[in-house]
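J.: Model the following, please.
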Amino acid sequence: MPDNYQNIDESLLKAYQQTSFCLLESDIQIRINALNSDLDSFLVDNNAFRWVYLSADNPQSVLASPAENAKNRAKLLQYCKDHKIRYWPGRAIPASDEWPPEENLLLLDVDRTLGDELAELFDQKGYLFGRLNGIAHLRIL
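T.: Sure, this is the predicted structure:
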C-alpha cells in the first residue's frame, strides 16, 4: 500500500477507492488495488510499461468551476505535448452523485516520480499509477 494515506480525510480516501477510473472510447476501467488485463493489453498495444492516471480538475479536491477545470485541463494537455508524453483521455466516475465526474489522462510510460511532480504542479491530492501486469496503486501526496 502506498504511503501517505494518513494525509487524507477518510471519506475522501473511501471516495477514491470506490471511483471507477475509465479510459474513454474503450471498455477499460481501472480499479485501485486490482489487476486489469484489458489495461495490460492496451499498454502492450501502445508499447508502454508503466502509467500514471491523473486529473487537473478540482485542485486539492475542492470543487472548481467548469471554466477553471477546463483551464487546468488545457494546461495539463499542453504540458504533455511540450514534454512529448503520450496520453489517453479518461474520466473518473464517483460511486455517489455527491461529486461530479472528473476528466483525467492516462499518461503512458510515466513513473511515480514524475507522477508526484505532476500532481504537485496541478495541485492534486492523489493519482493512480501502475505498471504492466501490476495492480493499480493510489498515491496520496
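
J.: Determine the set of other helices and strands touching the helix or strand where residue 13 lies.
T.: Secondary structure assignment for residue 13, by DSSP states H and E: helix 10-18. With contacts taken as 3 or more CB pairs under 8 Å, 6 or more residues apart in numbering; DSSP states H and E, helix 10-18 sits against strand 137-140. C-betas here are computed from N, CA, C, even on glycine.

J.: Each with direction, which strands does the strand it packs on pair with?
T.: Here strand 137-140 has these sheet partners by DSSP bridges: strand 126-131 (antiparallel).

J.: Show me how far the partner strand is from its chain's centre.
T.: Relative to its chain's centre, strand 126-131 lies at 6 Å (CA atoms, centre = their mean, to the nearest Å).

J.: Show the average pLDDT along that strand.
T.: Strand 126-131 carries an average pLDDT of 96.

J.: circling back: in the helix holding residue 13, what's buried?
T.: 13, 15-16 (16 or more other CB atoms under 10 Å).

J.: what does stretch 108-117 give?
T.: Across stretch 108-117, burial judged by 16+ other CB under 10 Å covers 108-110, 112, 114-116.
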